[in-house]
Structures are given as C-alpha cells and as structure tokens.
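# Sequence plus predicted model, see below.
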Amino acid sequence: MFRDTLKIVYNRYLKKITMSSFRHGESLIGILFVTPVVLYFLIFLLYPVLGALYYSFTEWNMRTRPVWVGLWNYKHLLFDRINYPYFWHSLGVTAKYTGIAVPLSFVTALVLALLINAVQRGQDFFKVAFYLPVITAGAAVATMWRWIYDPLYGLLNIGLKAVGLQPQRWLGEPRMIIPALAIISAWQCGFAMIVFLAGLASIPSRLYEAAEIDGAGAWQKFRYITLPMLKPTTFFLLVTGLIAAFQVFDIVYVLFRTGGGTIGGPGQAGLTYVLSLFDHAFRYYEMGIACAMSFILFVIILIVTCLQFRFVPQSYE
Amino acid sequence: MSFKRFVGLTVLLVVGAILTTTLAAFGASIDFWIYEPSGPAGEALEQLRADFEALSPGNTVNIIPIPKGDFNTKLNTAIAVGEVPDASYLDQPLVAQFVEDGLLDPVPEGRIDESIFYQGALNTNRVEGILYGLPLTQTCTAIYYNKDLVPDIPETWDELIQVAEEVYDPDKQIAAFGFSWGHYGGGWGAWLWHSFVAASGGQLLDEENQVVSFAEQPVIDALQLWVDLLAYSPFEVIESENSFQTGHVAMMISGPWEIGGLRESWPDLNWGVALIPRKAEADFGTNIGGDNGVVYAASENKGLAWAWLKFLTLAEPNVVLSRDVMGNFPINLTVAKGDWLAGDEALGAFMEQMKYAQTRPRVKEWLKINDEILGAALSEALGGEKTPTEALNDAAEKVKQLLGW
C-alpha cells in the first residue's frame, strides 16, 4: 500500500522533476563540452572579425588611439591613386593569378587523379608523392622554385634549351611572373587531386560497364560519365580553390620580399592583394587601411562565391 | 619581551625601512628592447649590461630580447596597450613616425658630445633639427669587385662605364654590374640606389625647404648611370642567384653582410671592397642603415635610460655592441681606425665608405615613398618603360602631392 502510494507520488510529482534535473544535467555537460570551441569562436574568430570591421572605419597606426574616419579608408583605397597607387593593381594581379592558377591546378589535379586511378599497383606511393608539396613549408617551396627558375642554372631553362626553346626570365620579366606563380600553384595541387580521387572512387562501376556494353570508348566514358559524375567534386574544388587563390600570400612573400621592402618583384607584377595588405599593416602601419582592404576582399570573395552557387552546376543533373 | 628589547627592535625595523626606501629611491630599473642576439652575441650583450651596472651601482637594466622579424610589430603592439619600454632599438626610418606620435623623449641638452659620432648616423635621429635618439650601430653599401676581372678599381662614373665595357663578355656570360637578385625595383633597390644619388652630389628631398629633388640633374644622372650599366649587364646574368660569387658579375653593390658568406662559402673567389664610384665633380657618397637607441616620453627613468644609451655609444662598448652583438659597424668616430679592424681590408673599406653616408629623408611617409614611388620609378626606367627623366619627373609629382609640398 505504502509502496503504491510512493509510486503514485513519484509518477505524479517527482518523475518530471527528476527527468528535468537529468535533462538539465545532460545539457550542462553538453554545454561544458562545447564551451572550448564556443570560446575559441568568440575570442579568436568573432572578436577579431568585429574588431577588424571597427578598425576599418578608423585611422590607426597601432601606436596611437584609433580615430574614427567613417568611410575615408574605403573611399581612398578605391579612388586615391596618390596615397594608394597599388590597390587596383594588386587586385588585377590577384585576379590574373586566380584566372591562370585555378584552371591550371584543376586540370593538373584531375589528370594526376585519373592517372593514379588507372594504375594497378603503387597508388598509395603516388598519392603521397603528389601530396607532399601541399604539406611542405611555403618558404622551402619558394626557395626551391627560385632555384628551378634561375635564369642561368635553373632546371626549367636548362630543359627549355635542351628542346631548342628560348630560356625565360621567369621571376625577372614582369609578364612571366604570374605564369611562374601559377606553375608553382599547379605543382601544389595535391589536395584537389585527393578530392578528385575520392570523387572518382564514388562513381559506380556499373555505369562504365553499361557504357562498355553500349560500345563506348575511353573518351566517351570520360566525357559522358566521369566528368558529369564529378560535378559536385568540381564545384567544391572551384569554390575553395578560388577563395584560396584570392588570398595567395606565402609564396609571393618569400619570393619577392627577401631583400626587405621589395613590393612584388619587377614592375610589381607579383604584388598580390594580400601581400599589399600585409605591407599596409606591418610595413606602413596603416591598420585602418589594411582592415578595410580585408573587408573589401571579403565582399569580393562573397560575390564570386554567390555567383558560383548561382551559375556553376553542383549536381549530376 | 622587555621594554628595552621592544624599543631596540622597533628602532631596527624603522632604520631597516628607511634604508630600504632610500636604496630603492637611488636604485632605478629600466626595460630595454633589443633585437634578440644568439649564442656568443647574447653573452657579449650580457657583459655590456654587467659593465654598465658596475659603473652605475644600484641601477638595473632589464634587457628584453625580441626576434628581429617581429620587433616592430611587437613594439607597436606594446605601445598600443600602454606597455611602453623605457628605451629600445628603433629602425632609422621609424624615428620620424614615432616623433610624430609624440612617443620619444628628445636627447637632453648637453647630454652628449655630437662630435664623436659619424654625422650620417647621428642625423638619422634628427627630426626638424631636434635630436630624438642616438645611433648605436650602422651599416652602408659599397662596391664588391672581382679582382680577377677588375684589376683597376674605378673611382669615377666615367671610369666605371669604361671598366664595365671592358669586362662585359656575352660569350662567357660575364656581366659588368650586379644589383643582386630582384633588387632593381621596389624599396630595396631604391635604398641601394640612394648610394649613387649621394655619390652624384644630389639628394632625394630637401626637407628644410620642402623641395622634392628627384627630378634634379644629379639624381637623374644617377639613374641614367644604372640604365647605362645595364647595356653591359644582361638581366639573365645578374638575376641569377649568387652571380657575383660564381664569377658571372664583375662588380656589385651590397653591404658588409656579404663578407662572412663570401669568406666561408666562396674561399676561392678573389674579391675586394671599394668605395662607390663618384660623379667626376662630386664627393664620394653612400646610403646608411643601422639602428638607433631611443628613450620613450612615458619612461619614469629617462635619466638612467639615456645614461645606458650613452654608455653604448662610448668607444669600447660600441665596438662590442656593433661588432659582437649586432654584426654592424661602430658609430663612434674615435674607433674608426682602431685595432678592432685587425687589418681587415674589407671592413676597413666599409668604415671609410661610412664617412660619406647620406641620411635618408626623415619625413614620416618615407617608407611608402621609397617602396611605392621611388622603387616603381626605378623599375620603369630599368625596364625601359620610361627614360630616367620621365620616370623621376613623374615620381617627383606624385611625392609633391603626397607630401603636400
């Protein structure tokens, strides 16, 4: 009797409270688990982003208090060619680099992925070998390519001469600098290659078998099965590749700032947008201008990404 | 406790407290920021600190070493949050900017004897006639030449062109004059080229009269000389890595930082250092680099900070600081020909060259002008897009607008 009464009391009044406490405890534990990442997001991502947005409306050299100047930084970056002569130039250099480097890296990565996919043995070796440039330090990569591009002793010019072609001033002639940088970028296409390999692995083999029964050749299988089935992969790589290309920095920094104060090499042909931003921030101490540049770049990347989502096919259809 | 013991203990405590307070008032402490030295350089710096503290009992110098690559950024960040050191190293072109921001304490009247300094080095601290720091070490550029290719060192520009014509050999891929890899444009190239402007008798800015001198004849002649030298110095040779060291370049402009590498890695190369050739009617000239010591206006121990900086400029400490700690040259004239050179001809040539150093302009916008306007003008003229006159006229116009002169 007493037991039954207890059960009724528990079910009617206490169960809810206990469950609620349990749920409450559970959520508390959950909150504790996500706290580090939330704090990381708030302190190291959100706060700096909001801070940079604020400083983009100020004149600030880090040594004195920031002075609110409204849209002055944005206006002068866009229209003042005396104080900021390289804003549009650096944007042009970056656009040109993106236009050459992204397709070149794409094609190289796809070809490598197809070749690796085709070999029967040693796939892992080739995957590691072609991925190594991605994890090699930017400074080491730049130093190595300086030697490859050396006009007198460089491997590339020696190779060109061997096949009867004219040697080039890869890092000396302004018109050659962007193609030279794009070649380095294509050499570092290991990430895209791995993603393409994953994309290739996800294509069902029955599609190829059916095509073979219908008499399709290698080119037709590539054109009508492989390429369309890689659309989601291609879309992902295009979006991330463009974002990375717009932010290219480490290679150009090491290649063209070795003497100190050298902005982007001969004719400033290698002065990419982020290299110019770095100069404004850490050489001229124009933090307001640098922050404004970073938000202009953010808007550009946002627009380009939206256009990609609108116009680039993302699925098999 | 007896009353006597109580009184005795009380007196002891009071005397102790007074003594401690008095000693604390006499003893002061300063924070000094410096580029982080490594190994033996750090030990040499520590010895300098110990020597100073022995001369100044009760006072303490806290040396804060910062890696050189991060130095300016960390210094700016520290200032931004109000953690200003008492004294620090300061890159020469930043002195004017720091003065503009009201951060620096001027050198107190009568504190130093200006005549002991190389004037080029001292003047890097002068803004609108007022001295805001002391030079601590200095460097400059001179001409390295391959003795096998250039038996007679040219002294004037006419002789330089003549030697260039003689040594240039397209078949053996020997170029006359090297600007080092990638240095013919941008801020670095502009800094090197300033040496030739100084050796033409010209200057880049007349700050006193607010005149941009880029388009004046001596400056144009200095750029025309580099363009003329290119006729005997193909880009594909001079742009090659280590082209001087491999014997492909007969002469190059560079600083004393090459000496160690040349001796260690290229022992068979027969090379020497000479003064930068001058325009016939002008005196010798060169640029200047190096570091200054400054005291911050917010320091609570300015007296001790200036005493420390002055100590570092005295003959013996300055040799230790410049040679053993920083790998640069002393700024104290009294040690110019001292025993420390130990008969080293290359170092001796640089010490001689430094007597002719011309300070770079001290307007706060100079770094930008140097990188973005002057460097670009050099690039245009050397790349053949414009004549030296056109490139420098255009550059002068831009600088006038930028400075509002």
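Cool, the structure landed.

# tell me which strands and helices the strand or helix carrying residue B:159 is in contact with?
Assigned by DSSP states H and E, residue B:159 falls within helix B:157-167. Applying 3 or more Cβ pairs under 8 Å, 6 or more residues apart in numbering or on different chains; DSSP states H and E, one finds that helix B:157-167 contacts strand B:175-178, helix B:217-230, strand B:249-254. C-betas here are computed from N, CA, C, even on glycine.

# which residues sit against stretch A:299-312?
A:91, A:235, A:238, A:239, A:242, A:243, A:246 (Cβ atoms under 8 Å, 6 or more residues apart in numbering or on different chains).

# about what we covered before: please tell me how far the helix holding residue B:159 is from the chain's geometric centre.
Remark: helix B:157-167 is offset 29 Å from the chain centroid, using Cα atoms, centre = their mean, to the nearest Å.

# Quick one: mean pLDDT for that helix?
When pLDDT is averaged along helix B:157-167, the result is 97.

# Need the phi and psi values for the residue most central in space within chain A.
Nearest to the mean C-alpha position of chain A, counting by Cα atoms, centre = their mean, stands residue A:244 at 2.3 Å. Dihedral pair for residue A:244: phi -70, psi -40, per degrees, to the nearest 10.

# same deal with residue A:236?
The phi/psi pair for residue A:236 (degrees, to the nearest 10) reads phi -60, psi -50.

# next one: the one 5 residues further on
For residue A:241, the backbone dihedrals are phi -70, psi -40 (criterion: degrees, to the nearest 10).

# Test my guess that it contacts residue A:192.
Yes - at 6.8 Å, residue A:241 counts as touching residue A:192 under the criterion of Cβ atoms under 8 Å.

# which of the two has more neighbours?
residue A:192 (27 against 22; other Cβ atoms under 10 Å in any protein chain shown).

# check contacts around the more buried one.
Neighbours of residue A:192 in contact, by Cβ under 8 Å, 6+ apart: A:105, A:106, A:109, A:110, A:237, A:241.

# Now the closest residue to residue B:198 other than its chain neighbours. Its backbone dihedrals?
What sits nearest to residue B:198 in space, not counting adjacent residues and going by Cβ to Cβ, 6 or more residues apart in numbering or on different chains, is residue B:285, at 2.8 Å. Here is the backbone geometry of residue B:285 (degrees, to the nearest 10): phi -160, psi 160.

# go on, the one 5 residues further on?
According to degrees, to the nearest 10, the main-chain angles of residue B:290 amount to phi 130, psi -170.

# hang on, it packs against residue B:134?
No - counting by Cβ under 8 Å, residue B:134 is not a contact partner of residue B:290; they are 11.5 Å apart.

# Below-threshold pLDDT in chain A: ranges please.
A:1-3, A:5-6, A:9-10, A:13-24, A:257-262, A:316-317 (pLDDT under 70).

# All the strands of the chain, in order from the start?
Just so you know, I chose chain A. A:58-59, A:67-68 (DSSP state E).

# um, chain B though
Counting by DSSP E, the strands of chain B are B:29-35, B:60-66, B:87-91, B:126-127, B:130-131, B:134-139, B:142-146, B:175-178, B:205-206, B:211-212, B:249-254, B:271-274, B:289-295.

# Make JSON lines from these and add mean pLDDT to it.
JSON lines is the format used below for these (pLDDT from 0 to 100):
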{"stretch": "strand B:29-35", "mean pLDDT": "95"}
{"stretch": "strand B:60-66", "mean pLDDT": "95"}
{"stretch": "strand B:87-91", "mean pLDDT": "94"}
{"stretch": "strand B:126-127", "mean pLDDT": "92"}
{"stretch": "strand B:130-131", "mean pLDDT": "95"}
{"stretch": "strand B:134-139", "mean pLDDT": "93"}
{"stretch": "strand B:142-146", "mean pLDDT": "97"}
{"stretch": "strand B:175-178", "mean pLDDT": "94"}
{"stretch": "strand B:205-206", "mean pLDDT": "91"}
{"stretch": "strand B:211-212", "mean pLDDT": "92"}
{"stretch": "strand B:249-254", "mean pLDDT": "95"}
{"stretch": "strand B:271-274", "mean pLDDT": "96"}
{"stretch": "strand B:289-295", "mean pLDDT": "93"}
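
# Would you format the ones you listed as JSON lines with mean neighbour count included?
Below are these laid out as JSON lines (neighbours: other Cβ atoms under 10 Å in any protein chain shown):
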{"stretch": "strand B:29-35", "mean neighbour count": "21"}
{"stretch": "strand B:60-66", "mean neighbour count": "16"}
{"stretch": "strand B:87-91", "mean neighbour count": "25"}
{"stretch": "strand B:126-127", "mean neighbour count": "20"}
{"stretch": "strand B:130-131", "mean neighbour count": "14"}
{"stretch": "strand B:134-139", "mean neighbour count": "25"}
{"stretch": "strand B:142-146", "mean neighbour count": "23"}
{"stretch": "strand B:175-178", "mean neighbour count": "26"}
{"stretch": "strand B:205-206", "mean neighbour count": "17"}
{"stretch": "strand B:211-212", "mean neighbour count": "19"}
{"stretch": "strand B:249-254", "mean neighbour count": "24"}
{"stretch": "strand B:271-274", "mean neighbour count": "19"}
{"stretch": "strand B:289-295", "mean neighbour count": "25"}
